[in-house]
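Undergrad: after the sequence you'll find the predicted model.
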Amino acid sequence: MKIKVSIGNISEALKQVEEYQKSLEKKQKEFLRRIAETGTAEATIQFEQAQYDGENDVVVHEPEWVNDNTIIVKASGSSILFIEFGTGVHYGTPQHEKAEEFGYERGGYGHHRGKNDFWFYQGEPGTNGEEPHDPNMAARGLVFTHGNPANRCMWEASKKMRSELLKIAKEVFG
């Protein structure tokens, strides 16, 4: 922005600066909103497509403003951590990049059942859990599982947001 200032038009220049500041604040909110919407859309897709033995009850929420400069992308559900970080040692995929930081140990869930190649749980089979052939176990609602790979849904959403930063900035700020 260029402003010509002379002794006689200082108040006009100040008015232009204030208008420019308001326009930047408006664009900043638009920029943050668009980045958050990108993350929300990607997280939704990732959670819908996640491989998970059990009931995938994850809900990705609309972006939520914390204050004028902060908007969050969040998801909730009892299965979210199992889907994001995985639950067993069976899958040879690398551990989630943030697992150690958050204290999640591969195979550490469920009295360390995930350290086994397979185990049984009570619930829905999900994407590839199997009902046991033993009728007694099936009658008890048990499901055979190898656990779940780390699907990294929120991690992938954050990567998508970072990859779109420059593009969205150019669109919003010109």
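TA: That came in fine, so what should we check first?

Undergrad: among the helices and strands of this protein, which has the poorest mean pLDDT?
TA: Lowest mean confidence among the helices and strands of the chain (mean pLDDT, DSSP states H and E): helix 109-112, at a mean of 70.

Undergrad: ok, then the element right after that helix?
TA: Downstream of helix 109-112, the first helix or strand assigned by DSSP states H and E is strand 119-122.

Undergrad: now do the buried residues in stretch 36-52.
TA: For stretch 36-52, the buried set under the neighbour-count rule, 16 or more other Cβ atoms under 10 Å, comprises 36-40, 42-44, 46-47, 50, 52. Any C-beta I mention is one placed from the backbone N, CA and C, and that applies to glycine too.

Undergrad: just the ones of these in helices?
TA: 36-40, 42-44, 46-47 (DSSP state H).

Undergrad: out of those residues, who's nearest Glu156?
TA: Glu156 lies nearest to Gln46 out of those, by Cβ to Cβ, at 5.1 Å.

Undergrad: so that closest one touches Glu156, yeah?
TA: Yes: the pair Gln46 and Glu156 qualifies as a contact (Cβ atoms under 8 Å) at a distance of 5.1 Å.

Undergrad: for the protein, which segments count as helices?
TA: 10-49, 80-85, 99-102, 109-112, 135-139, 153-173.

Undergrad: low pLDDT regions in the chain?
TA: 1, 92-93, 109-110 (pLDDT under 70).

Undergrad: and the residue nearest to the spatial centre of it, what does it touch?
TA: With distances taken as Cα atoms, centre = their mean, Met154 lies nearest the centre of the chain, 2.3 Å away. Shown in contact with Met154 (Cβ atoms under 8 Å, 6 or more residues apart in numbering): 43, 46, 73, 75, 84.

Undergrad: from Ala169, how far out is it?
TA: As judged by Cβ to Cβ, to the nearest Å, Met154 and Ala169 stand 22 Å apart.

Undergrad: for Asn136, same thing?
TA: Taken as Cβ to Cβ, the span from Asn136 to Ala169 is 61 Å.

Undergrad: looking at the two, which is more packed in?
TA: Ala169 (14 against 8; other Cβ atoms under 10 Å).

Undergrad: give me the number of residues near the closest residue to that one other than its chain neighbours?
TA: Leaving aside its chain neighbours, Ala169 sits nearest to Phe31 (6.3 Å; criterion: Cβ to Cβ, 6 or more residues apart in numbering). Neighbours of Phe31 under the rule other Cβ under 10 Å: 17.

Undergrad: next, the contact list for Phe31, please.
TA: Phe31 touches 168-169, 172-173, counting by Cβ under 8 Å, 6+ apart.
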